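Novice: whatever this is, show me its structure:
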Amino acid sequence: MRMRSSCLAALFLLSVVSQLPAACVDPATLGIDLSQQAACDPLVPEQCMLPFPNDYFSVGDTTTSTKRRIHFTADGLPKNTSAVPLEAEELNRADGFSPGVALIFWMPSADLVQSNAPAINNIGRSLEADSPIVIIDTKGNKRWPLWAERDLLSAPGSQSLIVRPAVDFTEGHHYVAAVRHLVDTDGNPLMPSPAFAAYRDATCTTDATFESRRPAMESIFKTLKKAGINRSDLQLAWDFTVTSSQSIAGRMLHIRDDAFAALGKSAPSFTVTSVQDNPALEFSRRIQGTFEVPLYLTGDGSPGQRFALGSDGLPVRQAQPYTATFTCNLPNSSVAGPARMSLYGHGLLGDQSEVNGKLVRPMAATYNVAYCATDWIGMAEEDVPNAIDVLQDLSHFATLADRLQQGLLNVLFLGRLMKHPQGFTSNAAFQIDGAPALNTRELYYDGNSQGAILGGALCAVATDFNRCVLGEAGMNYSTLLNRSVDFDEYKAVLDISYPEPFTQLIALNIVQMLWDRGETNGYAQHLTKQPYKKTPSHTLLLLGAVGDHQVSEFALQVEARTVGAEGHVPYVAPDREFGGEHGFGITPIVKYPYKHSAYFLFDTGADLSPLDNEPPRSGHDPHDDTPQIPAAQALKDTFWHPKGYVTDVCGGAPCTGPQF
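Specialist: Next comes the predicted model:
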């Protein structure tokens, strides 16, 4: 919890507050429940861990970039039915909360429509002067765009409120959240909790721990006053700190730099184990084999293993390497010359065999692109048993996050094999009539679905390529899961061990702090700008589909805003729009050819996505449509060049296409 100052210091502060009562009173007489104060914030007595995220669950630490460190306790963290809490030790290494974290608080009787709260189809409302829900970045006193929604998985009357950032919060920054003027269905104002009312109204209590927080609360009120928000109007206010880039990506950057330093100027070691000519109409040859990557996980790196950490908290390279497998397909194309090369990222808990399928075949043959893939360990098919174990006991979540980072390194090493002159092109399997079949000067990335969600993290740390296509894309699993039909079968497992919907909601938002280490949400702020040290900036082509059942277009829009991608407009036909918000905060592309990061939304006529935190379920699922649309493939073709660009393949109209 926050470092506590003395009660005398709190009383001194109170002496200068005009509302100071005649004497301090017992908190119990005010209705304040402090019985769980050590683990839970008394501002929201109904649910422990709320409001979340919250600097109440952190301590000062001068050794971190943010000068704070998370300090969860076993008593406060969510528990499964076996009473096992989330593991606090790994979470407490962080110096703040996820940049994509959802704010959760408890006012179940609030009516968001009656309160005119910002919604997903009216994000701009959050920036208006009288918005009932406000988030302030204290660096520059800047309002943050957001939308509010209910936790529909909980029963009516017990639904917490969820506030999602429309742009990821800035790493290392400090924020203040404020709630005011929320009303119930009948228009009656909601009452603040007794604890918050005591802070807001400067009602002194006799509890030293409770009073030691008062200076921090006064600082919150001061920030809000500067933003034009009256203290007397507040129903709830709190603050939180967003983690630093070092806290999220430090381990990944360390293993990347260490592994490539050990590799030096050499190519990774590899072995070709299988060569098959003409495996499909679009492919002239399929090559499979193994390659070696420095290992930073314990044991042999199998599912369930965690990083082997040194005394500095960074992963240590093990004596034995990790042996990864690869599949490469050379194109059967009428385009002359060696093929351009692309790494491929497969879908949810799948494997590298997806590189043989329908999502890449037309691109390979039409545009002369050779694709190579490896299993994305951490979230590959072989990880399914561990994923099930994690869902039964989320205290094991670090095993998934650590192996994802090893998986990122594996893909980077596969990319080096594709580019290095002593890599694949030195082997006869990658030669046609003795000449290299690969153009080693041009390496790109193409990921679909999970391959896009994880692929943004890969691109952010890549040094051998800097142009990435993220298709069927999005980021932030804590937002994506409840908006995806893919989560249904995994949620059935989660329901057994974590049957309470609120527990699931808060737990998934907490473990996102670990998930960030291996998916785009943790790396987005360094993809197109502010690249990491020793890393080039990257250019993205973001592709999505209206009404996607599996990866929400709303999460992709957050990604587009966060990375600064400009969007093709109009996004949809007028009768397909739901309030002008498909492009809120995304700068339209005004001139083609366009040479920077771009966002294209394709509409194949699927039913529109629900505006709540639930997945689309009716009608056709357009999830796999976009990669198969010729216009999307044409975008990739011009984008995949050293001086690539995109053109208006949709002729000034919304981008449409057939259903597949």
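Novice: only C-alpha atoms from now on, for both contacts and neighbour counts.
Specialist: Fine.
Novice: domain ranges for the chain, per the record?
Specialist: Listed domain ranges for the chain are 7-243, 255-441, 449-476+519-660 (source: automatic domain parsing).
Novice: mean neighbour count, these: which tops it?
Specialist: Of all these, domain 449-476+519-660 has the most neighbours on average by mean count of other CA atoms under 10 Å, namely a mean of 22.
Novice: what about that domain, how long is it end to end?
Specialist: End-to-end distance for domain 449-476+519-660, by CA to CA, to the nearest Å: 16 Å.
Novice: and that domain, average pLDDT?
Specialist: On average, the pLDDT along domain 449-476+519-660 is 96.
Novice: quick one: it to chain centroid distance?
Specialist: Between the centre of domain 449-476+519-660 and the centre of its chain there are 15 Å (CA atoms, centre = their mean, to the nearest Å).
Novice: same question, stretch 359-373
Specialist: The answer for stretch 359-373 is 28 Å, by CA atoms, centre = their mean.
Novice: that one: end-to-end distance?
Specialist: Stretch 359-373 has an end-to-end distance of 13 Å (criterion: CA to CA).
Novice: which non-adjacent residue is nearest residue 529?
Specialist: residue 537 (6.1 Å; CA to CA, 6 or more residues apart in numbering).
Novice: now the domains of the chain in CSV, with distance to residue 512?
Specialist: Shown next, in CSV, are those (distance: least, CA to CA, whole Å):
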stretch, distance to residue 512
domain 7-243, 7
domain 255-441, 10
domain 449-476+519-660, 8
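Novice: the helices in the stretch 201-350 of the chain, which residues?
Specialist: Taking DSSP state H, counting those that start in this stretch, the helices of the stretch 201-350 of the chain run over residues 208-212, 214-226, 245-263.
Novice: show me how far stretch 409-417 is from its chain's centre.
Specialist: The chain centre lies 23 Å from the centre of stretch 409-417; the measure is CA atoms, centre = their mean.
Novice: give me the contacts around that stretch.
Specialist: Residues outside stretch 409-417 that contact it (CA atoms under 8 Å, 6 or more residues apart in numbering): 255-256, 267-268, 291, 293, 324, 326, 343, 373-374, 376, 423-424, 443, 458, 462, 464.
Novice: if we can go back for a sec, export the helices of the stretch 201-350 of the chain to CSV and tack on mean pLDDT and distance to residue 578?
Specialist: Shown next, in CSV, are the helices of the stretch 201-350 of the chain (pLDDT from 0 to 100; distance: least, CA to CA, whole Å):
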stretch, mean pLDDT, distance to residue 578
helix 208-212, 97, 46
helix 214-226, 98, 32
helix 245-263, 98, 35
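Novice: how about those helices in TSV, adding distance to residue 516?
Specialist: Listed next are these as TSV, based on distance: least, CA to CA, whole Å:
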stretch	distance to residue 516
helix 208-212	33
helix 214-226	28
helix 245-263	7
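Novice: nearest to residue 135, out of those?
Specialist: Comparison of these against residue 135 by CA to CA identifies helix 214-226 as nearest, at 9.4 Å.
Novice: only alpha carbons, please: show the closest one as PDB.
Specialist: Taking Å, rounded to 0.1, in the frame of the first residue of the first chain, the C-alpha atoms of helix 214-226 are listed here in PDB:
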ATOM      1  CA  ARG A 214      -5.100  12.400   3.000                       C
ATOM      2  CA  PRO A 215      -2.100  14.300   1.500                       C
ATOM      3  CA  ALA A 216      -2.300  12.100  -1.600                       C
ATOM      4  CA  MET A 217      -6.000  12.600  -1.900                       C
ATOM      5  CA  GLU A 218      -5.600  16.300  -1.600                       C
ATOM      6  CA  SER A 219      -3.100  16.200  -4.400                       C
ATOM      7  CA  ILE A 220      -5.700  14.400  -6.500                       C
ATOM      8  CA  PHE A 221      -8.300  17.100  -5.700                       C
ATOM      9  CA  LYS A 222      -5.800  19.800  -6.600                       C
ATOM     10  CA  THR A 223      -5.200  18.200 -10.000                       C
ATOM     11  CA  LEU A 224      -8.900  18.000 -10.700                       C
ATOM     12  CA  LYS A 225      -9.400  21.600  -9.700                       C
ATOM     13  CA  LYS A 226      -6.900  22.700 -12.300                       C
END
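Novice: need the contact partners of it.
Specialist: Outside helix 214-226, the residues that touch it by CA under 8 Å, 6+ apart are 10, 13, 136, 138, 141, 176, 178, 199-200, 230-231, 237-239.
Novice: which ones among those are found in strands?
Specialist: 136, 176, 178, 237, 238, 239 (DSSP state E).
Novice: my guess is residue 105 contacts residue 50, does it?
Specialist: Yes: between residue 105 and residue 50 there is a contact under CA atoms under 8 Å: 5.6 Å.
Novice: now do the shared contacts for these two.
Specialist: Each of residue 44 lies in contact with both residue 105 and residue 50 under the rule CA under 8 Å, 6+ apart.
Novice: redo the ones in strands among the contacts of helix 214-226 as a markdown table? Include distance to residue 506 and pLDDT.
Specialist: Output for these, formatted as a markdown table (distance: CA to CA, whole Å; pLDDT from 0 to 100):
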| residue | distance to residue 506 | pLDDT |
| --- | --- | --- |
| 136 | 22 | 98 |
| 176 | 19 | 98 |
| 178 | 19 | 98 |
| 237 | 19 | 98 |
| 238 | 17 | 98 |
| 239 | 17 | 98 |
